[in-house]
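1. coords please:
(chains A, B and C)
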Amino acid sequence: MSAPGERESPKDNGGAFVDSPVASLDPGAAKAEIDRLTVEVTQANHAYHGEDAPVLSDAAYDALKRRLAELETRFPDLKRSDSPTERVGATPSETFDKVSHRVRMLSLENAFDAGEIDEFDTRIRRFLNLDAGEDLTYTAEPKIDGLSLSLRYVEGVLVQAATRGDGETGENVTANARTIRDIPKSLPGAPAVLEVRGEVYMGHDEFQDLNARQTREGLKTFANPRNAAAGSLRQLDAGITAARPLHFFAYAWGEMSEPLADTQFGALDRLAAFGFQTNPMTRECKGTVALLAAYAEVEQKRATLGYDIDGVVYKVNSLALQQRLGFRSTTPRWAIAHKFPAELAWTRLEKIEIQVGRTGALSPVARLAPVTVGGVVVSNATLHNEDYIAGRDAKGNPIRGGKDIREGDWVQVYRAGDVIPKIADVDLSKRPEDARAFDFATELARLGLRGLRPEGESVWRLAEGQIPPEVAIERLNHFVSRGAFDIEGLGPRQIEMFYADDTLPIREPADIFTLARRDARNLSRLKNRDGFGERSAGNLFQAIEDRRKISLNRVIFALGIRHVGENAANLLARHYGSWTAFHHAMISAGAGEGPAWDDLLAIDGVGAVMAASLVGTFAQAAERASIERLAEELDVEDSRRPMTEGSPVAGKTVVFTGTLEKMTRAEAKARAEALGAKVAGSVSAKTDLVVAGPGAGSKAKQAEALGIEMIDEDAWLRLIGA
DNA sequence: GTGCCTCGAGTTCC
DNA sequence: CTCGAGGCAC
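-> Residues are numbered from 1 along each chain as shown, chains lettered A, B, ... in the order given. This next block holds a predicted model:
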């Protein structure tokens, strides 16, 4: 639909288009072009970083972006607030503002059969010390297959809507949420602050209609209602969201200034009274038998509900008991999702391949003839390890009835947790006669890799010293990943390109920080390459420069030492305080003995395995040299030393007991120590303070007997000003 | 020594 | 998201 005289879109003639000189454009024409380019570049960003195939060549993309930047410089007033020129390599997740949840959005533990539901009930009773006789009351409600959303109301007015994200931080989709009819804009008589949580979803009929419309308009269709709902909510243009038939069921809450009710069921009633849709199939159930009856009822009505559900959620009804039960790190103890059996599909396993991970782990993957499972086309499935292929678990117990997996087999595929494709069964009657059992060792030899499987472990690993390109690249990817150096504009694609580059290679972390220097010496400069203009090259160098100064914990995590993840890196950084101290300790800690080794093991949360992994890494000459080259380039900030001045707990002896909900024990301890407190394991007359979470037992009693001050976790966090 | 609880690592598809 | 394994409490 191009109007006469309208210039063709630049992407139609590749990068070689000719524009009117920027200076000669009148503001009207400039505005039209800026608007158009903003959209095109943004779309290209999405396509590039998101699910679709890139729509533009790198050169064409660069040209578009450069043109937009020029126009914006010439006509700054016309620059749009959503301009993509501000960011290098913007990902879709960066197109919405981040929102940190005041109360984390957790996930649920899953159960698949009645036995697991009984265990759930038993665990709760044991935790609460309940009599065997009496049944607990639960609620049961369908688990909607959509995406969760948190709605924040202040003085009864909707002020913010946020997606779940990783549970800690989500995306601000307020404008989009306001277009959903099921979401009230105001709640008369609501508490001063109320966060309502629930699920956004799309009905079956509406999903069909939407896809039909998409097809008519030549747009891409959605694989299933959940993807359609997610795609519709995460539109930058709220106008598009408004045109999509989205619904919302409320089933939970986050922060609130006063409790809604005494029970889960009562709270849902309150939410319904505020004008929210709550699921009509929600039931109050006394005991597990009633829960299973509710499950059967939902399962029976599943096909006629008109929207997707993937199970039934059970929650302890009493909110007082919920509070006593509290949380594990990622899930509440008082709720569980009883999932429907996963959808299954048969297909042919064409090939078994071996992948190499960042740590040298060798994992087998099944290449499958593409098959639709649960609304998604699957063509790969994890095979975990050697034993899994052979049909036995690590203890030698048969899995899949002891059937092994061979190339050419007919296999039954499902998506574990509705995500990860796995193989459920093998049809031995259809096994080709020439199918041979998969032999890991033989296969590795064929690939020219030396591997070994340590005694007692289930994973094959590369023998020491081999670093094939895949591993080097994965290590670099880890190095620049989010919790590590997090360098903007240096993602997997760029890493792969630089790794293969002959004039300006990045083969180890230190190379990243020498890149700009080497570039300056080079004749073939980065800014002259495909995909890089002067601006993008400059941005990349700046992003790298910005990360030269970095916290100790990030550096330690970035090294990618086995068993040392984000958490352990934090512990180590807090303990050693500086790169010099850490580095010195690692190279002076002998093989399993000596003061430096003992000091390392004394860190709460560090055991012999992790310690050996750390010390072993620094004992390898090549590894150590590479790490030291990196350190030369960096300005590593010291970790905060224990502060004793002005700390409310300095010099006090603190004991943590019961379950901590907002932090792990190791974290709590490290933090207390950073504030100058001493953390002890048991309560004695010398104890100054006991921090007791739910489930506190003998230690709390003893503290009471000794008359020692006892506070809960929240009070502790307030005390230390967290 | 056993049994929980976390963390680390690997994995897939969008 | 799930598995395996490390770390620690009992």
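2. contact partners for the residue in the stretch 401-550 of chain A positioned nearest to DNA strand C?
-> Nearest to DNA strand C in the stretch 401-550 of chain A, going by C-beta to the nearest atom of the strand, is A:Gly417, at a distance of 2.2 Å. In this view, the C-beta of every residue, glycine as well, is placed from N, C-alpha and C. Counting by C-beta atoms under 8 Å, 6 or more residues apart in numbering, A:Gly417 touches A:Asn110.
3. which parts of the stretch 51-200 of chain A are helices?
-> All helices of the stretch 51-200 of chain A, identified by DSSP state H, counting those that start in this stretch, fall at A:58-74, A:114-128, A:174-177.
4. would you mind writing the CA trace of the last one as CSV?
-> I take that to be helix A:174-177. Extracted as CSV, the C-alpha positions of helix A:174-177 are listed here (Å, rounded to 0.1, in the frame of the first residue of the first chain):
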residue,chain,number,x,y,z
THR,A,174,1.0,-0.5,33.1
ALA,A,175,-0.2,1.1,29.9
ASN,A,176,-1.0,-2.3,28.4
ALA,A,177,-2.6,-3.6,31.5
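5. and that helix, what's its mean pLDDT?
-> Computed over helix A:174-177, the mean pLDDT rounds to 91.
6. repeat for the longest one
-> The predicted model assigns helix A:58-74 a mean pLDDT of 60.
7. show me how chain A divides into domains.
-> With domains defined by automatic domain parsing, chain A comprises A:10-94, A:110-339, A:345-462, A:469-547, A:551-637, A:653-719.
8. what would these look like in a markdown table with distance to DNA strand B?
-> Converted to a markdown table, these look like this (distance: least, C-beta to the nearest atom of the strand, whole Å):
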| stretch | distance to DNA strand B |
| --- | --- |
| domain A:10-94 | 3 |
| domain A:110-339 | 3 |
| domain A:345-462 | 2 |
| domain A:469-547 | 7 |
| domain A:551-637 | 2 |
| domain A:653-719 | 4 |
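9. what's the weakest-modelled helix or strand in chain A?
-> Counting by mean pLDDT, DSSP states H and E, chain A has its least confident helix or strand at helix A:58-74, which shows a mean of 60.
10. strands along the stretch 401-550 of chain A, start to end?
-> Remark: strands assigned in the stretch 401-550 of chain A by DSSP state E, counting those that start in this stretch are A:410-416, A:420-427, A:451-452, A:460-462, A:549-551.
11. need those strands in CSV (columns: mean neighbour count).
-> Converted to CSV, the strands of the stretch 401-550 of chain A look like this (neighbours: other C-beta atoms under 10 Å):
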stretch, mean neighbour count
strand A:410-416, 19
strand A:420-427, 17
strand A:451-452, 18
strand A:460-462, 20
strand A:549-551, 15
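12. can I get those in JSON lines with distance to A:Ser588?
-> Putting those into JSON lines (distance: least, C-beta to C-beta, whole Å) gives the following:
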{"stretch": "strand A:410-416", "distance to A:Ser588": "45"}
{"stretch": "strand A:420-427", "distance to A:Ser588": "43"}
{"stretch": "strand A:451-452", "distance to A:Ser588": "29"}
{"stretch": "strand A:460-462", "distance to A:Ser588": "27"}
{"stretch": "strand A:549-551", "distance to A:Ser588": "23"}
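13. nearest the geometric middle of chain A, what residue?
-> Most central in chain A under C-alpha atoms, centre = their mean is A:Asp166, positioned 5.1 Å from the mean C-alpha point.
14. how about low-confidence regions in the stretch 551-700 of chain A?
-> Applying pLDDT under 70 to the stretch 551-700 of chain A flags residues A:591-592, A:640-646, A:651, A:658-667, A:669-670, A:673-674, A:676, A:678-686, A:693-700.
15. quick one: mean pLDDT for stretch A:254-273?
-> The pLDDT scores in stretch A:254-273 average 94.
16. list the buried residues in it.
-> Within stretch A:254-273, the residues that qualify as buried are A:Gly254, A:Met256, A:Leu260, A:Thr263, A:Gln264, A:Phe265, A:Gly266, A:Ala267, A:Leu268, A:Arg270, A:Leu271, counting by 16 or more other C-beta atoms under 10 Å.
17. quick one: end-to-end length of that stretch, please.
-> Start and end residues of stretch A:254-273 are separated by 18 Å (C-alpha to C-alpha, to the nearest Å).
18. what comes into contact with it?
-> Taking contacts as C-beta under 8 Å, 6+ apart, the residues outside stretch A:254-273 that touch it are A:101-103, A:105, A:137, A:139, A:150, A:152, A:191-197, A:250-251, A:253, A:278, A:282, A:284, A:315-320, A:322.
19. those: which ones sit near DNA strand C?
-> Restricting these to those touching DNA strand C (C-beta under 7 Å from any atom of the strand) yields no residues.
20. can you read off the pLDDT for the residue of the stretch 401-550 of chain A closest to DNA strand C?
-> At A:Gly417, pLDDT is 71.
21. ok, now the one 10 residues further on?
-> The model reports A:Asp427 with a pLDDT of 90.
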